[in-house]
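Can you look at this prediction? I've put the sequence above it.
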Amino acid sequence: PDTVRLLSSSQVITSVVNVVKELIENSLDAGASSIDVKLENFGLDRVEVRDNGQGIKAVDTPVMAVRHFTSKICRHEDLEHLETYGFRGEALGSICAVAEVAVTTKTEEDEISTQYTLDLTGKIVSQKPSHLGQGTTVSVMKLFKNLPVRRQCFSSTKKCKEELKKVQDLLMAYAIIKPELRLMLVHNKVVLWQKAKVADNRSALLATLGPSAIANLIPCHHHQEQPEILLEGFFPKPGADYSSTSTSNPDKTFIFVNNRPVQHKEIMKLLRQNRYPTLMLKISVPPSSVDVNLTPDKTQVLLHNKVTTKLNLNQIELQFICLAVE
Ligand code: ADP
Ligand code: MG
């Protein structure tokens with residue numbers, strides 16, 4: 001059973017950025033307004049994510065890292081109205097199988113926080129009182145310690161730098177989609193990047209990418225019914241010369257489906273047909289018309305046919321909006 005656990009976990013938890021993503025999403029699901037991500041040795045020695053969310057109830061702690069335990073959905077039907085990032089109860093347990101994990105948590109009702117040390121199977125092996133405030137801190141140490149090939153693969157200087165860049169890009173995506181969230185990335189005790197709480201997506205773009213990247217942006221907003229789709233996007237103003245300004249990010253496109261940062265080939269293709277690059281596109285559809293369970297990391301989504309067709313039409317409308325401003 002240990003081998004089976006290790007094998008399936010190693011497919012869910014594939015990289016440092018993957019660990020960071022799962023932990024951040026848990027923090028967001030817990031209603032956190034502040035998240036600190038701290039890495040040591042590019043995350044290989046330690047990934048620590050601290051939030052100020054609702055914490056884990058004492059009754060849930062013994063099962064929190066048990067495979068398929070989730071406090072987020074109860075019934076199959078809940079999947080149709082999914083509003084949380086997590087729903088499979090797989091991340092924490094899988095991380096335990098490939099690293100050393102400690103969880104410190106405190107709910108509003110708890111007087112003090114408790115630190116739990118978990119074993120490979122996700123069971124609590126020890127617990128002690130701790131001094132942290134409300135919220136949860138998950139520490140993941142010695143990632144892939146029992147998967148030597150993978151650990152070694154992630155240890156090369158090139159790979160380390162790539163992963164760190166990916167972590168930063170991922171945090172930027174959440175920073176943009178969650179304006180009200182305070183975020184910080186620390187590597188080997190050095191603050192690499194941080195973002196304060198801001199009011200809206202535009203301010204979040206400013207805080208994340210800097211003034212030059214958003215100087216010429218125009219917002220597009222489009223809502224239609226049957227099937228219901230809300231498109232919110234930011235496009236550079238027509239005529240803005242992006243080729244010569246190295247500080248702006250014309251090559252970056254942040255796509256979100258129901259607040260999830262996603263990679264979507266078809267949508268990217270649609271956007272590339274557009275005359276202007278897209279910096280951010282936020283697509284909101286009823287949860288029942290999207291399947292986020294395509295890959296373990298949920299970065300790829302499947303949209304209902306009707307939605308995809310509408311998006312094709314919408315693409316044309318978005319072009320109109322851009323052209324009208326020209
Ligand atoms: P899922 O997110 O799919 O529910 P996880 O394995 O990621 O599964 O987490 C298991 C459970 O542990 C969650 O359902 C939640 O109850 C609890 N949990 C994990 N991280 C946090 C956190 N940062 N804050 C509050 N609860 C958490
Ligand atoms: Mg989760």
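Ah, there it is. Ligands and ions are numbered 1, 2, ... in the order given.

and the single nearest residue of the stretch 1-150 of the chain relative to ligand 1, what is it in contact with?
Using C-beta to the nearest ligand atom, the closest approach of the stretch 1-150 of the chain to ligand 1 is made by Gly86 at 2.1 Å. C-beta: built from backbone N, CA, C; applies to glycine. Gly86 makes contacts with Glu22, Glu25, Asn26, Asp29, Thr70, Lys72, as judged by C-beta atoms under 8 Å, 6 or more residues apart in numbering.

what about the fifth one, how many residues close to it?
To tie it back to what came earlier, the one meant is Thr70. 20 (other C-beta atoms under 10 Å).

Identify the residues contacting the residue nearest to it when sequence neighbours are not counted.
In space, not counting the residues next to it along the chain, Thr70 is nearest to Gly89; the distance is 3.4 Å by C-beta to C-beta, 6 or more residues apart in numbering. Gly89 sits next to Val66, Arg67, His68, Phe69, Thr70, Lys72 when contact means C-beta under 8 Å, 6+ apart.

just Val63 next, same as before
Counting by C-beta under 8 Å, 6+ apart, Val63 has contacts Phe69.

any idea how far ligand 2 is from it?
14 Å (C-beta to the ion, to the nearest Å).

Kindly state the pLDDT recorded for that residue?
We note a pLDDT of 93 for Val63 in this prediction.

Check Pro296 too.
79.

Okay, it and ligand 2: tell me how far apart.
Where ligand 2 is concerned, Pro296 sits at a distance of 11 Å (C-beta to the ion).

Give me the nearest residue to that residue, chain neighbours excluded.
Val12 (4.6 Å).

secondary structure class for the closest residue to ligand 1 within the stretch 201-326 of the chain?
In the stretch 201-326 of the chain, the residue that lies nearest ligand 1 is Lys298 (9.9 Å; C-beta to the nearest ligand atom). Following DSSP: H, G, I helix; E, B strand; the rest coil, Lys298 is assigned to coil.

Pull the contacting residues for it.
So Lys298 contacts Tyr85, Arg260, Val292 (C-beta under 8 Å, 6+ apart).

can you redo the residues you listed as TSV with neighbour count and pLDDT?
Shown next, in TSV, are the contacts of Lys298 (neighbours: other C-beta atoms under 10 Å; pLDDT from 0 to 100):
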residue	neighbour count	pLDDT
Tyr85	21	89
Arg260	19	93
Val292	19	84
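
okay if I get these as CSV plus distance to ligand 2 and secondary structure?
Below are these laid out as CSV (distance: C-beta to the ion, whole Å; DSSP: H, G, I helix; E, B strand; the rest coil):
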residue, distance to ligand 2, secondary structure
Tyr85, 7, coil
Arg260, 13, strand
Val292, 12, coil
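
okay, now Asn258: neighbour count?
19.

My error: substitute Glu266 in the last question.
11.

again with Lys142
14.

Quick one: low-confidence residue ranges for the chain.
Filtered on pLDDT under 70, the chain yields the residue ranges 238-251, 274-276, 316-326.

before we move on, back to that, contacting ligand 2 as well, which ones from the contacts of Gly86?
Among the contacts of Gly86, the residues lying close to ligand 2 (C-beta under 5 Å from the ion) are Asn26.

Now which of the contacts of Gly86 would you call buried?
Glu22, Glu25, Asn26, Asp29, Thr70 (16 or more other C-beta atoms under 10 Å).

ok, for the third one, nearest residue in space, not its chain neighbours?
Take Asn26 and drop its neighbours on the chain: the residue closest to it by C-beta to C-beta, 6+ apart is Gly86, 6.1 Å away.

isn't there a strand covering the one you found?
No - under three-state DSSP, Gly86 sits outside any strand and is assigned coil.

Any figure for the gap between it and ligand 2?
Taking C-beta to the ion, one finds Gly86 at 3 Å from ligand 2.

Give me the phi and psi angles of that residue.
phi -100, psi 150 (degrees, to the nearest 10).

Perfect, I'm done here.
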